[in-house]
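A.B. asks: Sharing a model that was predicted from the sequence below.
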Amino acid sequence: MTSSSPPAPTSPHPPRPPRPLRRLTARRRDEGHRVASPLELFFDLCFVVAIAQAGVELVHAVAAGHAGEGVLNYGMLFFAIWWAWMNFTWFSSAYDNDDVLYRIVTLVQIAGVLVLAAGITQGFSDHDYLAVWLGYVIMRLAMVAQWLRAAHGARGAERTMALRYAGGVLLCQVGWAGLVVLPVHARAWVFLVMAIAEMCVPLYAEKDSTTSWHPHHIAERYGLFTIIVLGETIAAATVAVKSALAEHDALSELLPIAAGGLLIVFSAWWIYFVVPIHGHLRSNRQSFLWGYGHYLVFASAASIGAGIEVAVEEAVGKAHLSTTAASAAVTVPTALYLLTVWALHSRHFKVGLAQQLVLPVTALLVVCCTFLGDWAVPAAGVVSALAVATGTALTARTARRERPEQAPAAAA
């Protein structure tokens, strides 16, 4: 006969709602059941609007034969989008109290994202970054307000850290004004200098005290954003195929591209989420490298969708570039994605040389697919899918080998 513990007594009174305004204090790094909030999910979703605009402009630039300029502009604008997202993500992991003021300031940041998205076309076509800069001003001033509020509720080294963040973000925002007031030929150098300065702010701010970011929460936020970016890739490719079918009725040319692109995206999702990366994020040194490296993960994942659109336009004769160049628009970002995910994620969980070589070799084979003409994209999709199958088989074989070794120890 078994016994069970008595149920907890229920309170006769309903729980009191939290106060509208609360002190913005640091949350614990070991807090249990920490997951992304609805506000964070809404924040991520709004950023996709800006990513989609940047992708559209990249397609236009590459299809028109201006790939070099298009990639440079895309890299600059995507950095602005990604960096603003990352600043809020790490801050919210440490200080989210979800009160009224916190929500309002976050919604202001979302408004800044939409202003930035509205200015992306002008930034690409005319190198006019006024709207982008104004959107950034809105987002970053809201971020400064959050850090000042965190400093108000902190003491000692933590307060100093929060003030350093606020001052660093504000100072960098002044520097970004160079994209508006300086001559066009100098703006690429302004971007390079300010990007380095921005990435140095967290290193300086947290040299004496670190924020209490939550490893599982951070891993989940990055994973969710990866899903959103890959979803945008599928949406962009679907629209491109639909438009081409409506205008040219070229199903035989488009079906292999659509199938290959779908295999690439499915494989990209599988490869990213096959390992529990939150167990690797234990120190600021690891987290900074991992967090900064995701610029390439997100940018390459979004570029795959743009590349598929370029391949579709080339297949129906709308793009002013060769088949090889159009194929490279898909295979190069795919290879970059595979390499960066391996470097940041997978290599920490691989056992043996065979497992370690799967993704680097796959990236090389995907690049080689560039020269297969009209079958480049479907071939790259098959290679990516085979990489997933190979990695799964090698992992299963390793697990089978470990089980007999663990059985005698368990029996003893």
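C.D. replies: Right, received. Where do you want to start? Numbering: from 1, shown residues only.
A.B. asks: I'd assumed Phe371 was in contact with Ala379.
C.D. replies: No. Ala379 lies out of contact with Phe371 (C-beta atoms under 8 Å); the separation is 9.9 Å. (Glycine included, C-beta is placed from N, CA and C.)
A.B. asks: the more surrounded of those two?
C.D. replies: Just comparing Ala379 and Phe371: by other C-beta atoms under 10 Å the higher neighbour count belongs to Ala379, 23 against 13.
A.B. asks: Give me the three-state assignment for Ala94.
C.D. replies: Recorded secondary structure, Ala94: helix (DSSP: H, G, I helix; E, B strand; the rest coil).
A.B. asks: Where do the strands of the protein begin and end?
C.D. replies: With strands called from DSSP state E, the chain shows none.
A.B. asks: ok now do the residue nearest the centre of the chain, which residues does it touch?
C.D. replies: A centroid search over the chain (C-alpha atoms, centre = their mean) returns Phe298, at 3.7 Å, as the residue closest to the centre. Residues in contact with Phe298, defined by C-beta atoms under 8 Å, 6 or more residues apart in numbering, are 78, 82, 225-226, 229.
A.B. asks: same check, this time on Leu336
C.D. replies: Neighbour list for Leu336: 296, 300, 303, 363 [criterion: C-beta under 8 Å, 6+ apart].
A.B. asks: pLDDT weak spots in the chain?
C.D. replies: Along the chain, the parts satisfying pLDDT under 70 run over 1-18, 247-250, 278-280, 283-284, 399, 402-412.
A.B. asks: show me where it has helices.
C.D. replies: Here the chain has its helices, by DSSP state H, at 38-63, 67-95, 100-118, 120-126, 130-152, 156-176, 178-181, 187-205, 215-248, 251-272, 284-315, 323-344, 352-368, 376-411.
A.B. asks: Make TSV out of those and add distance to Asp30.
C.D. replies: Listed next are these as TSV, based on distance: least, C-beta to C-beta, whole Å:
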stretch	distance to Asp30
helix 38-63	20
helix 67-95	13
helix 100-118	22
helix 120-126	40
helix 130-152	20
helix 156-176	17
helix 178-181	41
helix 187-205	22
helix 215-248	9
helix 251-272	25
helix 284-315	15
helix 323-344	24
helix 352-368	31
helix 376-411	29
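A.B. asks: which one of these lies closest to Leu21?
C.D. replies: Among those, the nearest to Leu21 by C-beta to C-beta is helix 100-118 (5.9 Å).
A.B. asks: And the contacts of that closest one?
C.D. replies: Outside helix 100-118, the residues that touch it by C-beta under 8 Å, 6+ apart are 20-21, 24, 39, 42-43, 46-47, 49-50, 53, 80-81, 84, 88, 92, 96, 131-132, 134-140, 142-143, 145-146, 149.
A.B. asks: which among those end up buried?
C.D. replies: By neighbour count, with 16 or more other C-beta atoms under 10 Å, those hold 24, 39, 43, 46-47, 49-50, 53, 80-81, 84, 88, 92, 96, 131-132, 134-140, 142-143, 145-146, 149 as buried.
A.B. asks: thinking again about what came up before, pick out whichever of the contacts of Leu336 sits closest to Arg401.
C.D. replies: Ala363 (27.1 Å).
A.B. asks: Number of residues surrounding the closest one?
C.D. replies: For Ala363, the neighbour count with other C-beta under 10 Å is 24.
A.B. asks: these two touch, right, it and Ala343?
C.D. replies: No. At 10.6 Å, Ala363 and Ala343 do not qualify as touching, with contact defined as C-beta under 8 Å.
A.B. asks: quick one: Leu344 and Tyr295 touch, right?
C.D. replies: No. With contact defined as C-beta under 8 Å, Leu344 does not count as touching Tyr295 (10.7 Å).
A.B. asks: Any idea how far stretch 125-138 is from the middle of the chain?
C.D. replies: 21 Å (C-alpha atoms, centre = their mean, to the nearest Å).
A.B. asks: do the same with stretch 383-399
C.D. replies: Distance of stretch 383-399 from the chain centroid (C-alpha atoms, centre = their mean) equals 25 Å.
A.B. asks: can you list contacts of stretch 353-364?
C.D. replies: Against stretch 353-364 from outside (C-beta under 8 Å, 6+ apart): 271, 334-336, 338-339, 341-342, 346-347, 350, 383-384, 386-387, 390-391, 394-395, 398.
A.B. asks: if we go to 10 Å?
C.D. replies: Outside stretch 353-364, the residues that touch it by C-beta atoms under 10 Å, 6 or more residues apart in numbering are 267, 271, 331-332, 334-343, 345-347, 349-350, 380, 383-388, 390-395, 397-398.
A.B. asks: if we can go back for a sec, where do the contact lists of Ala379 and Phe371 overlap?
C.D. replies: With contacts defined as C-beta under 10 Å, 6+ apart, the residues shared by Ala379 and Phe371 are 327, 331.
A.B. asks: Ala205 against Leu171, yeah?
C.D. replies: No. In this structure, Ala205 is not within contact of Leu171 by C-beta atoms under 10 Å, at 11.8 Å.
A.B. asks: quick one: which of these two has more around it?
C.D. replies: When neighbours are counted by other C-beta under 10 Å, Ala205 and Leu171 differ, and Ala205 comes out ahead with 22 against 11.
A.B. asks: mind listing what that one touches?
C.D. replies: Counting by C-beta under 10 Å, 6+ apart, Ala205 makes contact with 147, 160-169, 211.
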